[in-house]
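Asks: model this:
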Amino acid sequence: MGTWNTAINGNDTFLDVYSNFYDLYNQGQYPDYVSKQVIEMFNGEFEDSDTQNNALFALALAQWETKTQDGQILSRVKQIILKDQDLEVWERLGADAGLLSKRKVVLDSFLKKITQIKDKPKRRVRKKFDFKCICLVNIIAPDGLKTFEINKEYSNGKYIQTSSIMQWRTGGGSVLYYSAQGKVISAQWIDSQTLEVVHDRGIDFTMKRDTAYYCGDAVNVIYMPK
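Replies: Numbers count the residues shown, from 1 in each chain. Just a heads-up that it's a prediction; the model follows:
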């Protein structure tokens, strides 16, 4: 069993079941549906004699915290603890008398906790959405009327795409998009009406416009693969 940890959550099975329950719960899923999904996801752990107790403990705790206790799950957990069935598994796996004694204290405390009525359900935690842009190109046209930008975009630290915009003082629009990370791209103004974009070969552009236009001001975009 490796390093023994008598804590109720001191094993991978408990942590996996518990964390996946809350992954779904925090997405707004109904707790009853979440419990069914978790049991299906970890069917092997719920059926295996070495891991099923920890899987049931994790599910029972999550249900208690969200005030959605399943009577059958709670009954099974009571039987496991009151009849020392979990201690029998630990003993079979090689736990000594000292560890069994410590585990019994933990189990009794856990059962007392989940058989008490909880005042309020645990609140859902919305995942933080973090959007970040890294500027690759920001150049002003010789006439000073417009700016061309290229940015790499990230959501929660994960690369999304590389995009660009031709921006005048009061408006503008997108010029190119692609989603190939690690590709090199640059740009320069040839004159106020001509922009040259130099890029790695093999970029599959989602958008690749040859012109940008706003309020009578037109810009030709030339692409130069290298």
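
Asks: just checking, what packs against the longest helix belonging to the chain?
Replies: The longest helix of the chain (DSSP state H) is helix 97-114. Under the contact definition 3 or more C-beta pairs under 8 Å, 6 or more residues apart in numbering; DSSP states H and E, helix 97-114 sits against helix 52-65, helix 71-82, helix 85-92. Placement of C-beta: from N, CA and C, glycine included.

Asks: could these go into TSV alongside mean neighbour count and distance to Phe110?
Replies: Converted to TSV, the helices and strands packed on helix 97-114 look like this (neighbours: other C-beta atoms under 10 Å; distance: least, C-beta to C-beta, whole Å):
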stretch	mean neighbour count	distance to Phe110
helix 52-65	23	7
helix 71-82	15	7
helix 85-92	16	10
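
Asks: Out of these, flag the one nearest Thr115.
Replies: Across the helices and strands packed on helix 97-114, Thr115 has its closest neighbour in helix 71-82 (7.4 Å, C-beta to C-beta).

Asks: Which other helices and strands does the closest one contact?
Replies: Helix 71-82 packs on helix 52-65, helix 97-114, going by 3+ C-beta pairs under 8 Å, 6+ apart.

Asks: Export those as JSON lines, with columns for distance to Asp16 and mean pLDDT.
Replies: Below are the helices and strands packed on helix 71-82 laid out as JSON lines (distance: least, C-beta to C-beta, whole Å; pLDDT from 0 to 100):
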{"stretch": "helix 52-65", "distance to Asp16": "8", "mean pLDDT": "97"}
{"stretch": "helix 97-114", "distance to Asp16": "18", "mean pLDDT": "96"}
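
Asks: Of the ones you listed, which is nearest His199?
Replies: helix 52-65 (49.4 Å).

Asks: of all the helices and strands packed on helix 71-82, which lies closest to Asn5?
Replies: Comparing the helices and strands packed on helix 71-82 by C-beta to C-beta, helix 97-114 comes nearest, at 9.6 Å.

Asks: quick one on the thing from earlier: would you tell me which of the helices and strands packed on helix 71-82 gets closest to Ile190?
Replies: Of the helices and strands packed on helix 71-82, nearest to Ile190 by C-beta to C-beta is helix 52-65, at 62.0 Å.

Asks: quick one: contacts of the closest one?
Replies: With contact meaning C-beta atoms under 8 Å, 6 or more residues apart in numbering, helix 52-65 is reached by 8-9, 11, 13-18, 21-22, 25, 31, 35, 38-39, 42, 45-46, 69-70, 73-74, 76-77, 80, 85-86, 89, 110, 113-114, 118, 121-122.

Asks: follow-up on the earlier one: with distance to Phe129 as new columns, can the helices and strands packed on helix 71-82 be given to me in CSV?
Replies: CSV is the format used below for these (distance: least, C-beta to C-beta, whole Å):
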stretch, distance to Phe129
helix 52-65, 24
helix 97-114, 33
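
Asks: domains for the protein, by residue range?
Replies: 12-114, 131-225 (automatic domain parsing).

Asks: Quick one: those as CSV, columns for distance to Trp4 too.
Replies: Shown next, in CSV, are those (distance: least, C-beta to C-beta, whole Å):
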stretch, distance to Trp4
domain 12-114, 6
domain 131-225, 35
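
Asks: Kindly provide the distance from Ile102 to Phe110.
Replies: No, residue 102 isn't Ile; it's Lys. 13 Å (C-beta to C-beta, to the nearest Å).

Asks: Among those two, which residue is more densely surrounded?
Replies: Phe110 (19 against 15; other C-beta atoms under 10 Å).
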